[in-house]
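>>> Pasting the sequence and the predicted coordinates here, then a few questions.
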Amino acid sequence: KAGVTQTPRYLIKTRGQQVTLSCSPISGHRSVSWYQQTPGQGLQFLFEYFSETQRNKGNFPGRFSGRQFSNSRSEMNVSTLELGDSALYLCASSLPGEPSTDTQYFGPGTRLTVL
Amino acid sequence: AQSVTQLGSHVSVSEGALVLLRCNYSSSVPPYLFWYVQYPNQGLQLLLKYTSAATLVKGINGFEAEFKKSETSFHLTKPSAHMSDAAEYFCAVSDGNAGNMLTFGGGTRLMVKP
């Protein structure tokens, strides 16, 4: 079974631009979560989608948004990019089992660099 | 609010020595606890998880962790380190009321000396 895939793997943008990152979960998984990883702040939860609905949201500004499609694929968007948005963005998927205890499977991440 | 503290951002052991990575949590509700490993340029891989069953949890690659409620700890151990264990390790906690949201510790980079 294929793992979680994220595209693109690397991205370079300039301040003020917007970016869209894509995540394809493991087949059959319906929950998709997004995390930001930076050297300074570590791993921080962005949001979680389940059955096309946002189930949880982390403490990030409104410039960060996401959505989930009927096939469980998810995208996240960052508008008006800032230098501090440079990070590894990780996507994780899990089965529609018991929340909180589900095993989350992570993709390899998208490395975003903002110049 | 939940939080996770990993003592020691860098730990160095010799090959064959005991690995001990420390994790303490703070949670207002009974926690679910996880250990993940991250190799360079890769995502996170689950090593093991505690979900209120047995307090001693065995994971992949010979790792195990013990949930100690009185100490609010969930330390990760492995009896004998292997060179391939060199990676970054993250402890995480999940609140039973917040879906799949994970709160991560700052991570511990494990170095294994030959």
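Arrived safely, thanks for sending. Note that the structure is a prediction, hence the values are computed from the model and not measured.

>>> who touches the residue of chain A found nearest chain B in this structure?
Distance from chain B to each residue of chain A (Cβ to the nearest Cβ) is smallest for A:F106, at 3.5 Å. Quick note: C-beta positions are derived from backbone N, CA and C, even for glycine. Counting by Cβ atoms under 8 Å, 6 or more residues apart in numbering or on different chains, A:F106 makes contact with A:V4, A:L90, A:C91, A:A92, B:Y36, B:G43, B:L44, B:Q45.

>>> how about 6 Å then?
A:L90, A:A92, B:G43, B:L44 (Cβ atoms under 6 Å, 6 or more residues apart in numbering or on different chains).

>>> want to try TSV for those residues, with distance to A:G84 as columns?
Shown next, in TSV, are the contacts of A:F106 (distance: Cβ to Cβ, whole Å):
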residue	distance to A:G84
A:L90	17
A:A92	22
B:G43	22
B:L44	22
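
>>> Nearest to A:K57 among the residues you listed?
Taking Cβ to Cβ as the measure, A:K57 lies nearest A:A92 of the contacts of A:F106, at 15.3 Å.

>>> how far away is that closest one from B:P114?
Distance of A:A92 to B:P114, computed by Cβ to Cβ, to the nearest Å: 34 Å.

>>> One more: A:V78?
42 Å.

>>> what's the answer for A:F69, then?
Taking Cβ to Cβ as the measure, A:F69 falls 48 Å from B:P114.

>>> give me the number of residues near the residue in chain B positioned nearest to chain A?
Residue of chain B nearest chain A, by Cβ to the nearest Cβ: B:G43 (3.5 Å). By the measure other Cβ atoms under 10 Å in any protein chain shown, the count of residues near B:G43 is 21.

>>> Identify the residues contacting it.
Contacts for B:G43 (Cβ under 6 Å, 6+ apart) come out as A:L90, A:F106, A:G107, A:P108, A:G109.

>>> Now list the buried members of those.
The neighbour count (16 or more other Cβ atoms under 10 Å in any protein chain shown) marks A:L90, A:F106, A:G107, A:P108, A:G109 as buried among those.
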